[in-house]
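Participant: The sequence isn't on hand, but the structure is:
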């Protein structure tokens, strides 16, 4: 296996701590020093099917943002399907999986100056089939950066747990990044986190302030989550949702909430609210709502439907009731997608301004 190309493994203390955000921004920052960068997610758990191949969704994102000139199947060699673990436990063949990862890495690293490897969850994820993040980092000969959420006590406790597993495998931890720290607490958190990590023999590589926009879902993501029908043809479905309002009040009282970035959730038979929302939505205005979700599978009458179909914002029809729809939207895990141009720009700036890239390069 290739042992020459510089590489780093991005791990985390848990799911959704920000590995993909860090990876996305770090590639842009490192391109100033390594023009040709490869990417691999050796073990993926959330995947999409592309040309009959199961490809991790983060791999699809990276290849769309930074064309890697490498087959997607090599950048995502192992996709953990629902029955993957059961099959492995029935007749494990760890050697074959290890070889698959190594060969995929070789192809990803071909003619590259650097390879970024992204893990999946905390250090122990994948242990059940003998491919934990710690084991994969060892297989690939990577040093590790651990991403954890902002704070002092809890993040350092969780980093220490992960540190033990990486050290058990003989994997060196390059440093730690704290993510989603309240902007007004960045300096305070950085000071004490640096002290706490130093006691564990670890470097603080960066503190990323919380950016609200990165947690805002697009209307298209909500449509997919709700399996909703699109009732009109707006210019875009990629508008970000800043706030959600359930239209359970009278139309007069609801109008004060028809603001920029708001997603209106209301039963499909609330004609008064729908007419008010339509009247408040000016095609050329920059203060339009993000969209409307009609609930309960209730399709408005023909006249109302025709009026909604002319709106410049997405109008969705969901089968679930309003409470269920609002709960799903609230609990949605928001992942950055290839067409989230505004988010990707924010992420690049976030890493460039708050991560010590020089220290990472020196540690290689």
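Facilitator: Right, received. Where do you want to start? Quantities reported herein were computed from a predicted structural model and do not represent experimental measurements.
Participant: and residue 260, what does it touch?
Facilitator: 242, 286, 287, 288, 289, 290 (Cβ atoms under 8 Å, 6 or more residues apart in numbering). For the C-beta atoms, the positions are set from N, CA and C on the backbone; glycine is no exception.
Participant: Report the residue ranges of every domain in this protein.
Facilitator: Domain assignment of the chain by automatic domain parsing yields the ranges 7-212+337-363, 217-330.
Participant: beta partners of residue 246?
Facilitator: Listed beta-bridge partners, residue 246: residue 265 (assigned using DSSP bridges).
Participant: Do I have it right that it meets residue 265?
Facilitator: Yes - the criterion here is Cβ atoms under 8 Å, and residue 246 meets it with residue 265 at 5.0 Å.
Participant: Find residues that contact each of those two.
Facilitator: When contacts are counted by Cβ under 8 Å, 6+ apart, residue 246 and residue 265 have 322, 326 as shared neighbours.
Participant: who has more neighbours, those two?
Facilitator: Neighbour totals were compared for residue 246 and residue 265, and residue 265 leads with 27 against 18 (other Cβ atoms under 10 Å).
Participant: rewinding a little: and the two most separated of the contacts of residue 260?
Facilitator: The distance between the two most remote of the contacts of residue 260 (Cβ to Cβ) is 13.4 Å, for 242 and 286.
Participant: Who has more neighbours out of those two?
Facilitator: Between residue 242 and residue 286, counted using other Cβ under 10 Å, residue 242 has the larger neighbour count: 15 against 6.
Participant: Roughly how far does that one sit from residue 51?
Facilitator: Distance of residue 242 to residue 51, given as Cβ to Cβ, to the nearest Å: 36 Å.
Participant: What of residue 204?
Facilitator: 42 Å.
Participant: Can you tell me the closest non-neighbouring residue to residue 333?
Facilitator: residue 16 (6.1 Å; Cβ to Cβ, 6 or more residues apart in numbering).
Participant: Counting by contacts, list what the lengthiest strand in the chain packs against.
Facilitator: Longest among the strand segments of the chain by residue count, using DSSP state E, is strand 173-181. Helices and strands touching strand 173-181, by 3 or more Cβ pairs under 8 Å, 6 or more residues apart in numbering; DSSP states H and E, are helix 19-30, strand 143-149, helix 153-168, helix 186-198, strand 204-209, helix 357-363.
Participant: make it 10 Å
Facilitator: For strand 173-181, the elements it packs on are strand 7-12, helix 19-30, strand 143-149, helix 153-168, helix 186-198, strand 204-209, helix 341-354, helix 357-363, judged by 3 or more Cβ pairs under 10 Å, 6 or more residues apart in numbering; DSSP states H and E.
Participant: Pull the number of nearby residues for the nearest residue to residue 295 once chain neighbours are set aside.
Facilitator: Among residues not flanking residue 295 along the chain, residue 322 sits closest, at 4.5 Å (Cβ to Cβ, 6+ apart). Using other Cβ under 10 Å, residue 322 has 19 neighbouring residues.
Participant: cool, and the one 10 residues further on?
Facilitator: The local packing of residue 332 (other Cβ under 10 Å) involves 16 other residues.
Participant: again with the one 4 residues further on
Facilitator: Other residues lying near residue 336 total 17 when counted by other Cβ under 10 Å.
Participant: show me what contacts the spatially closest residue to it that is not a sequence neighbour?
Facilitator: Spatial nearest neighbour of residue 336, chain neighbours left out: residue 343 (5.2 Å); criterion: Cβ to Cβ, 6+ apart. Contacts for residue 343 (Cβ atoms under 10 Å, 6 or more residues apart in numbering) come out as 21, 24, 211, 213-216, 218, 238, 240, 334, 336-337.
Participant: how close does residue 343 sit to residue 32?
Facilitator: In terms of Cβ to Cβ, residue 343 sits 21 Å off from residue 32.
Participant: right, so of the domains of the chain, which gets closest to residue 1?
Facilitator: domain 7-212+337-363 (4.3 Å).
Participant: and the closest one, how far from the chain's centre?
Facilitator: Taking the mean of its C-alpha atoms, domain 7-212+337-363 sits 12 Å from the chain's own mean (Cα atoms, centre = their mean, to the nearest Å).
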